[in-house]
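>>> Everything below, folded, please.
(one chain, ligands or ions: 5)
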Amino acid sequence: MSRAADRLKVVLNHLDRSHDAVRASFTSAQNVSYHHHPQSLQYTFDTDVLTQEQIIAYEENGFILIRNLVSEEDIDRFKNEFERICKREVKVPGLTVMKDVSIAKSEFVEGEKAVTKLQDYQEDPELFRYCVLPQILKYVECFTGPNIMAMHTMLINKPPDTGKKTSRHPMHQDLHYFPFRPADRIVCSWTAMEKVHRENGCLVVLPGSHRGSLQEHDYPEWEGGVNKMYHGVRNYDPNHPRVHLEMEKGDTVFFHPLLIHGSGMNQTNGFRKAISCHYASGDCYYIDVNGTTQENISNEVKDLASRKFGADDSVTFADTWAIRGRLVQGDRISM
Ligand SMILES: CCCCCCCCCCCCCCCCCCCC(=O)SCCNC(=O)CCNC(=O)[C@H](O)C(C)(C)COP(=O)(O)OP(=O)(O)OC[C@H]1O[C@@H](n2cnc3c(N)ncnc32)[C@H](O)[C@@H]1OP(=O)(O)O
Ligand SMILES: Nc1ncnc2c1ncn2[C@@H]1O[C@H](COP(=O)(O)OP(=O)(O)OP(=O)(O)O)[C@@H](O)[C@H]1O
Ligand SMILES: O=C(O)CCC(=O)C(=O)O
Ligand SMILES: [Fe+2]
Ligand SMILES: [Mg+2]
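Ligands and ions are numbered 1, 2, ... in the order given. Coordinates of the predicted model:
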């Protein structure tokens, strides 16, 4: 048996009993002599980047955390650019600057203290450097394959909670926002720009939830208000084990778009920063979400595209993504 097949066997032997289908397909794929096993591993490609333990972890849990992946220098540059954007020293085409709902109407909060999130920074060359960092793409390729599109870019500046608990992000699956498939060829890379812990609202994930299906999402019923488009999973099992991802500056988590996750209140006085990008394979395809549970978010995004960018009725939800997507490696085949 080849080295690659050997390695695969070790991985599959470690996988949980619930992965019987994965095991069955291994039996028919024993003679593989290349490092690509789409019929055996569901969520990863074995490109010699991930260790056996990491492959097992992603297949089973739907995320892996890589410590110290992005340098201090790079993060300081992203932070500096974020500050310039908040001071309006740079104007970025297509960027949406979002304030927390609890301070949106206050005239007394200005600059970066008013900003909770930058949405769609892909036209800012300095921030977009994040999406093409070779050490990030090396991991992304393990989930998307060699053709890679950067589909969604975001810098999160989670503010100190005002007391209304609006700094929370409800538990959700990112796939709810995406009209493209297959889900298994999409991955999010999320890098802590400083130490993140439970007090400042680190990510919270439900390991293994990526093996379920896309759930119905809607606004949670929170007394103090909810930020625009912060939909949450309607019913998720409150007894499902949770993991709090405490991370240092530069640590990066890669996670599957069906993984249920959210983040808690920021109970510190500082703004908790993270930078992220959602990638998809260049050979993913768009789907029509009309008549599905994604229709609610589709309508909100089309509404925003029309108000903010003057898009007319002919612009579909898929179009809003095709316009924003950028090729970062290989070929843009069907995206
Ligand atoms: C030609 C086609 C181009 C395609 C472009 C498509 C653009 C789409 C961009 C957004 C897509 C988001 C998809 C995300 C998917 C990834 C998955 C990640 C999960 C998430 O991140 S959830 C998404 C987070 N939410 C957003 O990103 C929302 C985007 N931001 C906005 O919609 C605007 O910032 C907002 C909230 C409408 C505010 O607009 P703005 O003009 O800046 O604010 P005003 O001061 O003029 O206020 C207008 C009105 O809105 C109220 N307001 C302000 N802030 C908030 C808030 N955070 N939450 C709720 N409401 C808010 C404000 O009080 C005003 O209310 P009035 O009653 O006075 O009208
Ligand atoms: N540097 C920037 N680049 C791109 N867009 C920005 C930048 N700074 C602010 N914006 C966005 O430009 C739009 C217009 O801003 P505007 O001057 O109306 O102020 P505002 O942030 O909406 O504050 P207010 O609601 O108090 O008027 C807003 O949606 C804001 O989020
Ligand atoms: O940084 C966070 O709080 C997570 C945000 C998030 O999950 C998202 O915007 O999709
Ligand atoms: Fe998310
Ligand atoms: Mg405004």
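
>>> The closest residue to residue 150 other than its chain neighbours in helix, strand or coil?
Counting by C-beta to C-beta, 6 or more residues apart in numbering, the nearest residue to residue 150 once its immediate chain neighbours are dropped is residue 131, at 4.3 Å. (Glycine included, C-beta is placed from N, CA and C.) Per DSSP: H, G, I helix; E, B strand; the rest coil, the secondary structure class of residue 131 is helix.

>>> same question, residue 301
With three-state DSSP as the basis, the three-state label of residue 301 is helix.

>>> What about it, how many residues nearby?
Look at residue 301: counted by other C-beta atoms under 10 Å, it has 19 neighbours.

>>> Tell me who's in contact with it.
Contacts were defined as C-beta atoms under 8 Å, 6 or more residues apart in numbering; by that measure residue 301 touches 177, 229, 317, 320.

>>> Just those: which are in helices?
The subset of these located in helices under the criterion DSSP state H comprises 317, 320.

>>> Compare the contacts of residue 301 and tell me which has the most neighbours.
Neighbour count (other C-beta under 10 Å) singles out residue 317 as the most crowded of those, with 23 neighbours.

>>> check contacts around that residue.
Taking C-beta under 8 Å, 6+ apart as the definition of contact, the neighbours of residue 317 are 179, 289, 294, 298, 301, 302.

>>> for these, which one is nearest ligand 3?
residue 301 (13.7 Å; C-beta to the nearest ligand atom).

>>> What score does the closest one have for pLDDT?
The predicted local confidence for residue 301 comes out at a pLDDT of 97.

>>> Repeat that for residue 46.
The per-residue pLDDT reported for residue 46 equals 86.

>>> and what of residue 21?
Reading off the model, residue 21 has pLDDT 44.

>>> Quick one: classify the spatially most central residue of the chain as helix, strand or coil.
With distances taken as C-alpha atoms, centre = their mean, the residue of the chain nearest its centroid is residue 188 (3.1 Å). Secondary structure, three-state DSSP: residue 188 is strand.

>>> that older thread, from the contacts of residue 317, pick the one nearest ligand 2.
Of all the contacts of residue 317, residue 301 has the smallest distance to ligand 2: 15.4 Å, by C-beta to the nearest ligand atom.

>>> on that earlier part again, how about the contacts of residue 317 in a markdown table, adding distance to residue 233?
Putting those into a markdown table (distance: C-beta to C-beta, whole Å) gives the following:
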| residue | distance to residue 233 |
| --- | --- |
| 179 | 18 |
| 289 | 17 |
| 294 | 13 |
| 298 | 17 |
| 301 | 19 |
| 302 | 22 |
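
>>> At which residues are the helices of the protein located?
Secondary structure of the chain (DSSP H): helices located at 3-14, 20-27, 52-61, 72-86, 125-128, 134-144, 295-309, 317-324.

>>> how about the contacts of residue 317, which pair is most distant?
When the contacts of residue 317 are compared pair by pair using C-beta to C-beta, the two farthest from each other are 294 and 302, 11.9 Å apart.
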